[in-house]
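**Q** with the input below, show me the fold.
(4 chains)
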Number of protein chains: 2
Amino acid sequence: MAATIRDVALRAGVSVATVSRALNQSGPVREDTRRRVVEAVTELQYRPNNAARSLITRRTGMFGVLLPDLHGEFFSELIRGLDEAAQAHGYHLLLSSSHDLAEELEAALHGMQGRVDGLVVMAPRLSAEKLDALLPRNTPVVLLNSPHVATSVYNLRIDNRGGARAIVTHLISHGHRRIAMITGPAGNHDAEERVAGYRDALADAGIACSSALEIEGNFRTSGGYRATGVILGLEDRPTAIFASNDAMALGALSALRDAGVGVPDDMALAGFDDLSSTQYSIPPLSSVHVSISELGARAIAGLSDVVTNGSPTAERHEILHATAVLRRSCGCSGREANGKA
Amino acid sequence: MAATIRDVALRAGVSVATVSRALNQSGPVREDTRRRVVEAVTELQYRPNNAARSLITRRTGMFGVLLPDLHGEFFSELIRGLDEAAQAHGYHLLLSSSHDLAEELEAALHGMQGRVDGLVVMAPRLSAEKLDALLPRNTPVVLLNSPHVATSVYNLRIDNRGGARAIVTHLISHGHRRIAMITGPAGNHDAEERVAGYRDALADAGIACSSALEIEGNFRTSGGYRATGVILGLEDRPTAIFASNDAMALGALSALRDAGVGVPDDMALAGFDDLSSTQYSIPPLSSVHVSISELGARAIAGLSDVVTNGSPTAERHEILHATAVLRRSCGCSGREANGKA
DNA sequence: GTGAAAGCGCTAACAG
DNA sequence: CTGTTAGCGCTTTCAC
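**A** Now for the predicted structure:
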């Protein structure tokens, strides 16, 4: 049986209250008393029981993380950012992923009830109304890349629209006028914002946009491959493709290669996310960089702030800038440079 | 204030004991009593307090997951497997990643003390002795791809050696005799096993192995790129490269391309992991397939088994098969096929 | 079938 | 500075 605080108190010849104070520095304890306690702790290998502690403090030291069906590098980078920050702030991460449907999210939310001090939720496929209905009222929530909702204390997003606009504007600066876009899955909030950015750029340049040039993808490599096949079959073939994420851009690259279409000469190409692997694609892929791990880090910082400072300092909204990274696939020389719309 | 079991009891006109029994079906309750309880629960929006519950049951409903510094697809696939299985078994995942050093692992292990009913640990850089000293004695542990240790109840691994042997044997069957290998980081257990498999294959074919042909990488794309530069500079240049993971193989592909070396004609290439993105590389990459998510799923199943059945049914050891997947980079036509040594 | 009561291990007043 | 005491919300004997 594991040692309890009572055993420690007995061993150190003090009361349990003193042990508690010594261990949590939650009150004055004479130095030598403290030392006796610490000794007893190590001798008995005492570890405080977290359940008992959080039963009374009403804090669990854990943040819940609810993510949609994410893949590969994006997912691992996000977790890395969350994890590092959580550790730094003294929290653990309770993770639950693959929640695309409202019901799944709700079930997961339910399961975390009372187990966490705060929640990081990413739900790009849910409407503001749905989200609003689902979010718990008693737990601080940080929303990632989701439609804004009043009940969340903090809303973080990457500048999907601005980033897409910047890279497409760059494509236009290479002389392209007929630019196809491979979109994300329908109903995905990020995907929609990137489409908006694409249209912004076209509008800026006085180019009419056409729904025939917006081919639906799924944010997966396979979808990029497929969509590119459609694009190549278009009459009056476009001279450039903007894929709304890198995974699809890689699929596009593969399809272009299979079709014998040279990149960037016969077809310019750009993606979004700037995954680290894209600089090794052939040719290296121009993309939009966004610090995914920072997104995670800020989310945790925001939660931690709310939890320790009690009241939500204020309802907050934060946008992480996304900048174009120019490599060879768009026609640039390969030297990296920043392009800002 | 959230409703407690007392409130529910009052509302339903029964005792707290009955509420508990009704909710946990831990004892006989008359049907209409049960219904009254359920009604009160929904009306009051009652949620049992997990802290209180685990204080007495000594179960938390959570499994801890401790991972090394993993990246990209491997990481996300593993988590997916773990997460799905955990959900299926009614558990939550307490995640902590990026632990390569023994001290980091220890700190994380400490933090999870008492918060979890079991642990999934992946520590490819730690020796059996180090691990043995670190692992808690009172919590069931499943070890993933780690040196076997007696204190773990369950040991799962992928067949690194067999998989490497199979793909290298295949390379040899294409007529290659001089095959370079890009290894993983020194001290990594998986990496070492893959080297052993590579040597096995050479030995099988009566080819002497040479340390000059084993170039150290780091499991990252950048390392594969760098190592390939070294290989291309070798006198009596090899005709094939086995990269011990796909990330490095992709880096190799990029380096080969930059050097104007054709794949597979001038240089055959194969990787390991069979990441989904590799089928879209140019040319598609031959690799070794292993079901990463299944690794995760089995880990959870094993833990869950131990936790519910009390005693560790027996000390177990399980190996997940790894099979060669043949695409174009090794010289095959592109039609997928299985090659088994 | 149901209720009363005794804690699980800890923290937090409140005295001293 | 330290000890006593009263619970946190729940499960679980033990009676009835």
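**Q** now the helices for the stretch 201-341 of chain A?
**A** Remark: helices assigned in the stretch 201-341 of chain A by DSSP state H, counting those that start in this stretch are A:221-233, A:246-258, A:292-308.
**Q** among those helices, which is the most enclosed?
**A** Among those, ranked by average contacts under mean count of other CB atoms under 10 Å in any protein chain shown, first place goes to helix A:246-258 (a mean of 26). Using the backbone N, CA and C atoms, a C-beta is placed for each residue, glycine as well.
**Q** from the chain's centroid, how far away is that helix?
**A** 24 Å (CA atoms, centre = their mean, to the nearest Å).
**Q** what is the orientation angle of it with helix A:221-233?
**A** 50 degrees (axes from the mean of the first three to the mean of the last three CA atoms, to 10 degrees).
**Q** quickly check: helix A:246-258 near chain B or not.
**A** Yes. With CB under 8 Å from any CB of the partner chain as the criterion, chain B is reached by helix A:246-258 at A:247, A:250, A:251, A:253, A:254, A:257.
**Q** the residue nearest to the first one when sequence neighbours are not counted and residue A:278, how far apart?
**A** Taking CB to CB, 6 or more residues apart in numbering or on different chains as the measure, residue A:247 lies nearest to residue A:221, with 4.9 Å between them; neighbours along the chain are not counted. With distances defined as CB to CB, to the nearest Å, the gap from residue A:221 to residue A:278 amounts to 12 Å.
**Q** what's the neighbour count on residue A:186?
**A** Residues lying near residue A:186 (other CB atoms under 10 Å in any protein chain shown) number 10.
**Q** just say helix, strand or coil for it.
**A** coil (DSSP: H, G, I helix; E, B strand; the rest coil).
**Q** pretty sure it contacts residue A:217?
**A** No. Counting by CB atoms under 8 Å, residue A:186 sits too far from residue A:217 to count as a contact (10.1 Å).
**Q** tell me how many other residues crowd the residue lying closest to residue A:327 once chain neighbours are set aside.
**A** Excluding the flanking residues, the one nearest residue A:327 by CB to CB, 6+ apart is residue A:284, at 3.9 Å. The local packing of residue A:284 (other CB under 10 Å) involves 19 other residues.
**Q** quick one: pLDDT of residue A:284?
**A** Residue A:284 carries a pLDDT value of 94.
**Q** phi, psi for it please.
**A** phi -60, psi 140 (degrees, to the nearest 10).
**Q** and for residue A:66?
**A** Per degrees, to the nearest 10, the backbone of residue A:66 is at phi -120, psi 120.
**Q** then residue A:179?
**A** According to degrees, to the nearest 10, residue A:179 has phi -120, psi 120.
**Q** ok, it - contacts?
**A** A:168, A:171, A:172, A:198, A:202, A:207, A:213, A:238, A:239, A:240, A:241, A:242 (CB atoms under 8 Å, 6 or more residues apart in numbering or on different chains).
**Q** what's in contact with the strand or helix carrying residue A:103?
**A** Assigned by DSSP states H and E, residue A:103 belongs to helix A:102-112. By CB under 8 Å, 6+ apart, the residues outside helix A:102-112 that reach it are A:64, A:66, A:94, A:96, A:98-99, A:119, A:121, A:123, A:126, A:130, A:134-136, B:47, B:92.
**Q** now, those that are in helices?
**A** A:130, A:134 (DSSP state H).
**Q** and of the contacts of helix A:102-112, the nearest to DNA strand C?
**A** residue B:47 (17.7 Å; CB to the nearest atom of the strand).
**Q** the closest one contacts residue A:138, correct?
**A** No. Using CB under 8 Å, residue B:47 makes no contact with residue A:138, being 10.1 Å away.
**Q** neighbour count: those two, which is higher?
**A** residue B:47 (14 against 8).
**Q** state the pLDDT value of the more buried one.
**A** On the pLDDT scale, residue B:47 gets 92.
**Q** burial of residue A:210, as a residue count?
**A** By other CB under 10 Å, the burial measure for residue A:210, its neighbour count, is 10.
**Q** returning to that earlier point: quick one: the helix holding residue A:103 near DNA strand D?
**A** No. Helix A:102-112 does not reach DNA strand D (CB under 7 Å from any atom of the strand); its nearest approach is 14.1 Å.
**Q** related to what we said a few turns ago, ok, the residue nearest to residue A:247 to residue A:242 distance?
**A** 16 Å.
**Q** what do you get for residue A:252?
**A** Taking CB to CB, one finds residue A:252 at 10 Å from residue A:242.
**Q** could you name every residue contacting both of these two?
**A** Common neighbours of residue A:252 and residue A:242 (CB under 8 Å, 6+ apart) are A:182, A:269.
**Q** correct me if wrong: residue A:203 contacts residue A:172.
**A** No. With contact defined as CB under 8 Å, residue A:203 does not count as touching residue A:172 (10.9 Å).
**Q** and the angle from the helix or strand containing residue A:155 to helix A:292-308?
**A** Secondary structure assigned from DSSP H and E places residue A:155 in strand A:154-158. Taking the same axes, to 10 degrees, one finds that strand A:154-158 is oriented at 170 degrees with respect to helix A:292-308.
**Q** helices or strands up against the very next helix or strand once past strand A:154-158?
**A** Note on strand A:154-158: by DSSP H and E, the next helix or strand toward the C-terminus is helix A:160-173. Under the contact criterion of 3 or more CB pairs under 8 Å, 6 or more residues apart in numbering or on different chains; DSSP states H and E, helix A:160-173 touches strand A:179-183, helix A:189-204, strand A:240-243, strand A:268-270, strand A:287-289, strand A:323-325, strand A:338-339.
**Q** now with 7 Å, please.
**A** helix A:189-204, strand A:240-243, strand A:268-270, strand A:287-289, strand A:323-325 (3 or more CB pairs under 7 Å, 6 or more residues apart in numbering or on different chains; DSSP states H and E).
**Q** distance to DNA strand D, mean neighbour count and mean pLDDT for those - can I get that in CSV?
**A** Shown next, in CSV, are the helices and strands packed on helix A:160-173 (distance: least, CB to the nearest atom of the strand, whole Å; neighbours: other CB atoms under 10 Å in any protein chain shown; pLDDT from 0 to 100):
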stretch, distance to DNA strand D, mean neighbour count, mean pLDDT
helix A:189-204, 36, 21, 97
strand A:240-243, 50, 30, 98
strand A:268-270, 54, 28, 98
strand A:287-289, 47, 26, 97
strand A:323-325, 49, 24, 96
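**Q** measure the closest residue to DNA strand D within the stretch 101-250 of chain A to DNA strand C for me?
**A** Relative to DNA strand D, the nearest point of the stretch 101-250 of chain A is residue A:114 (8.4 Å; CB to the nearest atom of the strand). The gap separating residue A:114 from DNA strand C is 15 Å, by CB to the nearest atom of the strand, to the nearest Å.
**Q** next, count neighbours for the closest residue to that residue other than its chain neighbours.
**A** In space, and not counting its chain neighbours, residue A:114 is closest to residue B:50: 4.9 Å by CB to CB, 6+ apart. Residues near residue B:50, counting by other CB under 10 Å, number 23.
**Q** could you find the closest non-adjacent residue to residue A:236?
**A** Nearest non-adjacent residue to residue A:236 (CB to CB, 6+ apart): residue A:178, at 6.9 Å.
**Q** list the contacts for the one you found?
**A** A:236, A:238, A:239 (CB atoms under 7 Å, 6 or more residues apart in numbering or on different chains).
**Q** just name the closest of these to residue A:13, please.
**A** Comparing the contacts of residue A:178 against residue A:13 with CB to CB picks out residue A:238 as the nearest, at 82.0 Å.
**Q** angles on the backbone of the closest one, please.
**A** Given degrees, to the nearest 10, the pair of backbone angles that residue A:238 has is phi -60, psi 160.
**Q** verify the contact between it and residue A:213 for me.
**A** Yes. Proximity of residue A:238 to residue A:213 meets the contact threshold set by CB atoms under 7 Å, at 6.3 Å.
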